[in-house]
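Participant: Sequence and predicted structure, then a few things I'm wondering about:
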Amino acid sequence: MLERISITCFAASYGVALGLEISRLIFHSAWRNVLLWIFALAGLIAHTLYLGYRGYEAVLTHHTPLSSSAEYYLLAAWVLGVMYLLTLALQPRARSGIFFLPLVLLLIATSRFADGQPFPQERAASIWFTLHTLLLLLGYVVVVFGFAMGIMYLLQAARLKAKQPPTARFRLPNLEWLELANQRSVVGAAILIILGIVAGVIFNLVQQGIIPWHDPVIWRSAIITGWLICALLFCALYRPAQRGRKVAYLTIASFLFLMVSVLLGLVFKSEHKAPQPLVNRVRIEAVNRGMAACRRCAGEACA
Amino acid sequence: MKLLLVGCSHQTAEVALRERLAFSPHQAEQALARWRDAFPATEGVLISTCNRVEMYAAADHKGDLPTHRQVAEFLADCQGLNPHDIFNQLFEHSGETAVRHLFTVAASLDSMVVGEPQILAQVKQAYHLAQRQNCAGPLTHDAFQSALRAAKRVAGETRIHEKRVSIPSVAVGDFAQEIFARFDDKVVVVIGAGEMADETLSYVRAAGARQPRIVNRHDARAIDLAAKHHGVAVPWAELDQQLAAADLIISTTGASQPVVTLERYERFKDSRYQRPLIILDLAVPRDFDPRIGDELNVFLYTLDDLQAACQRNRQEREGELPRALSIIEDETARFMTDVYHRATRPIIQQLRSGWHAICDAELQRLYHKLPDLDAAARQEIEQTFERFVNKLLHPPLESLRAEARQGTPHGLLDALKRLFRLEE
């Protein structure tokens, strides 16, 4: 039963929820909120079951559960889905789904293009490695959450500056709430990502005694961490930066840095991954030697 | 069921008459007690608000229902008025029209400010008071429960209640509350102590604001307003200090020149560290230089801006009116069908019991002739007879139900009575 749940199932549920959120801009319906909750919850439950089953499968086949980049994107989408439902509960009249659900779907879509190969088991088993990946994952999700809040803040502020009262079809949370969410996103993301990087450094020192500075993933993390430290310092030293549009700009900029980091990750592969399986390696070596790899022995015996 | 409504509202009577006829809760209680004594066979509910006084009377038979004149005399008598003075200013509705009117009132579609939410609570209170005074009964219960359902549908299926239409309510509800999540930790400064300041402060205080600071050129009025709203009166000389500390400013002075120019604002601007500032400039001419509204994190709303928002809201409410009225029509038709159908019940019961009596007699005769029948066979035969009666009754009952949608089916009822010799 559980193996039948696919990415399409929960992506479709989130898609319908997004459609319902968009329809709120067009017409009024008394039943829509109930349907919205049903589809959003159904998506999250299917998402949870899917991830749970993937983890269970990995344990059965003696692999590390949920340890590939693709699965991290799905985990990030799950955390963002939970944040969306929390926002829906706290601000039921706000049209937050219009901002959150596309990001959830974007993360799910990105997982299709991301590397599906898990990290080597000896790495993943380390507590420092687990902390490293978990903190980075949460930090990145907070950046995405902050981006949604930042966009909402700018829209709401622009509308209020233009003296436009809210319409029933398009409501947003009040500016104070959004400002607080933006502030907390900047600080929270910075803390989580910096702690994640520290955990990664400790892991490398404990495991290998060195830090692989040449690995592109280190540079990607350094870019976003550097930016978040700058943002934190800016907020601490310049008081108005904690206020209004400035803090919204900071969260949006953080997201742009994250996007650059993700794109770099899709282009430059990390050395954090497991070594190629033996059969593939032999095939590649055989091809490199200009020999056709035998299908049955993968070139090993023929070589 | 017979329903009669006699009363007056802001649409039919002058404010002077409404004031004279209005009942306080205590007076309404006494009036209902008198109603019970005067018309013991009639249920009565009295709705009295500042915009309407309406007496609803309901009885099973038309003969028990008081006339328009009797209700008018009753109302006049309760308030010590001459019935002749009010008689011509009272309107009367009966039957379906009265039901429609009650539903329209409960849904706030007949209010002076369409969609204002208080009326539903007032209708509920009026009904509960009638219940406590033993004036309400099954007829008014059905009518008022249906009215509450209609009002709930209008509130849930339209946006008629969502839009505010007064300047202070729009200023606070549509703008200030879109900026601040809470007001208990905000500094509210009021410049001027006029009527508009007073009204706006009521909304701000209802939103949670504490200790508003009132700055006025005349200290006495500032002290009065401060006392009324649990605030603090501040001398005019401290205005700049108050402006620097403020999160929300309500300005309503009668000054002929702007009280706060851009240059004056810039003097304390830096000390605010770009903290959001809402300025509700409700004065004519304006108290704040409009260029201040261009400053970062300053949200300046003038009377014109708020009036434009009110107008938009009013139009949106009016746009919802046809949909709301169609709900009222739908609920009225549903209620009236129930009422008409209820009138057919005695005949249906007679018909059903008469036929069942025949069945029972025939069954007894059959059992007498076939004494060896076992319990299972008897049960099967009884069920067959039951089905037979129900199937025979189904077409006339369906015809009655269909006819009841248009009104009490007197013709069919008479035909049934004559055909099957049913008694009145």
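Facilitator: Alright, I've got the coordinates. Numbering: from 1, shown residues only, chains lettered A, B, ... in the order given.
Participant: Could you list the contact residues of chain A toward chain B?
Facilitator: A:28, A:30, A:156, A:160-161, A:163, A:165-166, A:168, A:174-177, A:179-180, A:239-240, A:243-246 (Cβ under 8 Å from any Cβ of the partner chain). Backbone N, C-alpha and C define where each C-beta goes, glycine included.
Participant: which parts of the helix or strand hosting residue B:395 are buried?
Facilitator: Taking DSSP states H and E as the definition, one finds residue B:395 inside helix B:375-404. Residues of helix B:375-404 classed as buried under the neighbour-count rule (16 or more other Cβ atoms under 10 Å in any protein chain shown) are B:385, B:389, B:396, B:400, B:403, B:404.
Participant: Where does the prediction get shaky in the stretch 301-424 of chain B?
Facilitator: For the stretch 301-424 of chain B, applying pLDDT under 70 flags the ranges B:424.
Participant: I'd like to know which residues of it are adjacent to chain A.
Facilitator: Checking the stretch 301-424 of chain B against chain A by Cβ under 8 Å from any Cβ, the hits are B:301, B:305, B:308, B:309, B:312, B:313.
Participant: Now residue 8: which helix or strand?
Facilitator: Using chain A. Taking DSSP H and E as the criterion, residue A:8 maps to helix A:7-23.
Participant: right idea, wrong chain: chain B
Facilitator: Taking DSSP H and E as the criterion, residue B:8 maps to strand B:2-9.
Participant: and that strand, what's its mean pLDDT?
Facilitator: Averaged across strand B:2-9, pLDDT comes to 92.
Participant: Output the contacting helices and strands for the helix holding residue A:8.
Facilitator: Counting contacts by 3 or more Cβ pairs under 8 Å, 6 or more residues apart in numbering or on different chains; DSSP states H and E, helix A:7-23 packs against helix A:32-60, helix A:97-113.
Participant: Select, out of those helices, the one closest to residue B:77.
Facilitator: Of all these, helix A:32-60 sits nearest to residue B:77, with 51.0 Å by Cβ to Cβ.
Participant: starting at the chain centroid, how far to that closest one?
Facilitator: Helix A:32-60 sits 16 Å away from the centroid of its parent chain (Cα atoms, centre = their mean, to the nearest Å).
Participant: which residue packs closest to residue B:93, ignoring adjacent ones?
Facilitator: Distances taken as Cβ to Cβ, 6 or more residues apart in numbering or on different chains put residue B:5 closest to residue B:93, at 4.5 Å, once the chain neighbours are dropped.
Participant: quick one, helices of the stretch 101-250 of chain A?
Facilitator: For the stretch 101-250 of chain A, the helices defined by DSSP state H, counting those that start in this stretch cover A:121-124, A:127-161, A:175-207, A:216-237, A:244-267.
Participant: Who are the packing partners of the fourth one?
Facilitator: By that I understand helix A:216-237. Checking 3+ Cβ pairs under 8 Å, 6+ apart, helix A:216-237 ends up next to helix A:175-207, helix A:244-267.
Participant: which SS state does the one residue in the stretch 1-150 of chain B that gets nearest to chain A fall under?
Facilitator: Distances between the stretch 1-150 of chain B and chain A by Cβ to the nearest Cβ are smallest at residue B:115, namely 12.5 Å. Secondary structure assignment for residue B:115 (DSSP: H, G, I helix; E, B strand; the rest coil): coil.
Participant: Could you count how many residues lie near residue 161?
Facilitator: Using chain A here. A count of nearby residues for residue A:161, using other Cβ atoms under 10 Å in any protein chain shown, gives 16.
Participant: Can you look at chain B instead?
Facilitator: 20.
Participant: List phi and psi for it.
Facilitator: phi -90, psi -10 (degrees, to the nearest 10).
Participant: what sits against it?
Facilitator: B:108, B:115, B:117, B:155 (Cβ atoms under 8 Å, 6 or more residues apart in numbering or on different chains).
Participant: Which parts of the stretch 201-350 of chain B are helices?
Facilitator: Using DSSP H, counting those that start in this stretch, helices in the stretch 201-350 of chain B cover B:219-228, B:239-245, B:262-269, B:303-369.
Participant: just to revisit the earlier point, so which residues make contact with the strand holding residue B:8?
Facilitator: B:17-18, B:21, B:47, B:51-62, B:64-66, B:68, B:71-72, B:75, B:86, B:89-95, B:98-99, B:101-102, B:110, B:139, B:143.
Participant: Okay, now the unreliable bits of chain A?
Facilitator: Ranges of chain A meeting pLDDT under 70: A:1, A:119-125, A:268-303.
Participant: which residue is nearest the middle of it?
Facilitator: The structure's chain A has its C-alpha centroid closest to residue A:76; by Cα atoms, centre = their mean the separation is 3.5 Å.
Participant: Could you name the helices and strands sitting against the host helix or strand of that one?
Facilitator: Counting by DSSP H and E, the element that carries residue A:76 is helix A:69-90. Identification of packing neighbours for helix A:69-90 by 3+ Cβ pairs under 8 Å, 6+ apart yields helix A:32-60, helix A:97-113, helix A:127-161.
Participant: tell me the angle of the longest one relative to helix A:69-90?
Facilitator: Spelled out, it's helix A:127-161. 40 degrees (axes from the mean of the first three to the mean of the last three Cα atoms, to 10 degrees).
Participant: Residue B:303 is in contact with residue A:163, correct?
Facilitator: No - taking contacts as Cβ atoms under 8 Å, residue A:163 lies outside contact range of residue B:303: 11.8 Å.
Participant: coming back round to it: CSV for the helices and strands packed on helix A:69-90, including distance to residue A:221?
Facilitator: Below are the helices and strands packed on helix A:69-90 laid out as CSV (distance: least, Cβ to Cβ, whole Å):
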stretch, distance to residue A:221
helix A:32-60, 24
helix A:97-113, 17
helix A:127-161, 7
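Participant: Understood, closing this out.
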